[in-house]
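Engineer: Fold the stuff below for me.
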Amino acid sequence: MWPIGHAAVAYLIFSLYNRIRNRSDPSEATAAIVAVASQGPDLVDKPLAWRLGVLASGRSLSHSLFVLAPVAWGGYALARRIGRPDIGRALVVGTLTHTLVDALPAVCGKADARFLAWPLTRVPVGKSGHPTISGLLRRSLRDPEFYAEFLLAGLAALAWWRDGAPGVERLTEHRCARNIETTWLDRERHE
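Structural biologist: Residues are numbered from 1 along each chain as shown. Now for the predicted structure:
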């Protein structure tokens with residue numbers, strides 16, 4: 001799955017969870033944590049495998065439940081300790097949905113999910129070595145599931161909008177504040 005799909009699935013699940021558990025919308029902090037955490041396993045494994053050659057596969061170390069579960073639990077425990085269990089829940093949902101969504105094709109027999117138990121199981125490496133992003137994109141363009149990710153992204157965007165578009169207000173506040181400061185500084189220079 002591509003980053004947009006991981007972010008969409010994580011946000012949809014977190015938004016639904018938040019509505020059921022808290023009867024509220026995600027906050028801007030939790031929306032941001034879910035978005036970043038949903039990319040976490042790939043941001044660790046892909047560079048370590050594809051660029052540095054430290055790992056055999058782009059789905060191994062941080063995709064493994066033996067690594068991911070303690071990291072997610074530790075993040076949740078730390079967030080809870082500082083009085084922000086909502087951030088911990090966002091971290092758990094973001095990271096775990098990433099790995100579980102990556103494992104879904106194995107249910108249909110389309111992929112291998114041995115990465116879930118790395119390092120106890122060996123993860124397969126492609127016959128032609130590590131892929132390139134352009135090669136992955138070319139292959140994805142022939143896969144209907146790739147286009148489904150955009151549908152998921154649209155649904156996540158609608159859910160985010162329904163949730164009050166958490167984070168937009170902060171972005172516009174900063175932009176407006178910067179424009180006011182710039183205008184004020186320009187006026188002072190001309191006087």
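
Engineer: Relative to Ala90, how far out is Pro26?
Structural biologist: When distance is defined by CB to CB, to the nearest Å, Pro26 is 7 Å away from Ala90. Bear in mind the C-beta positions are built from the backbone N, C-alpha and C, glycine included.

Engineer: wait, Glu28
Structural biologist: 11 Å.

Engineer: ditto for Leu16
Structural biologist: Distance, Leu16 to Ala90, using CB to CB: 13 Å.

Engineer: Repeat that for Ala148.
Structural biologist: Taken as CB to CB, the span from Ala148 to Ala90 is 24 Å.

Engineer: Neighbour count: those two, which is higher?
Structural biologist: Applying other CB atoms under 10 Å to Ala148 and Ala90 shows that Ala90 carries more neighbours, namely 31 against 13.

Engineer: nearest residue to the most centrally placed residue in the chain other than its sequence neighbours?
Structural biologist: Compute the mean C-alpha point of the chain, and by CA atoms, centre = their mean the closest residue is Ser38, 1.6 Å away. Leaving out its chain neighbours, the residue that sits closest to Ser38 by CB to CB, 6 or more residues apart in numbering is Ala10, at 3.6 Å.

Engineer: Mind checking what secondary structure Ala77 has?
Structural biologist: Assigned by DSSP: H, G, I helix; E, B strand; the rest coil, the conformation of Ala77 is helix.

Engineer: ok so, going back, list the residues that contact both of Pro26 and Ala90?
Structural biologist: Residues touching both Pro26 and Ala90 (CB atoms under 8 Å, 6 or more residues apart in numbering): 14, 34.
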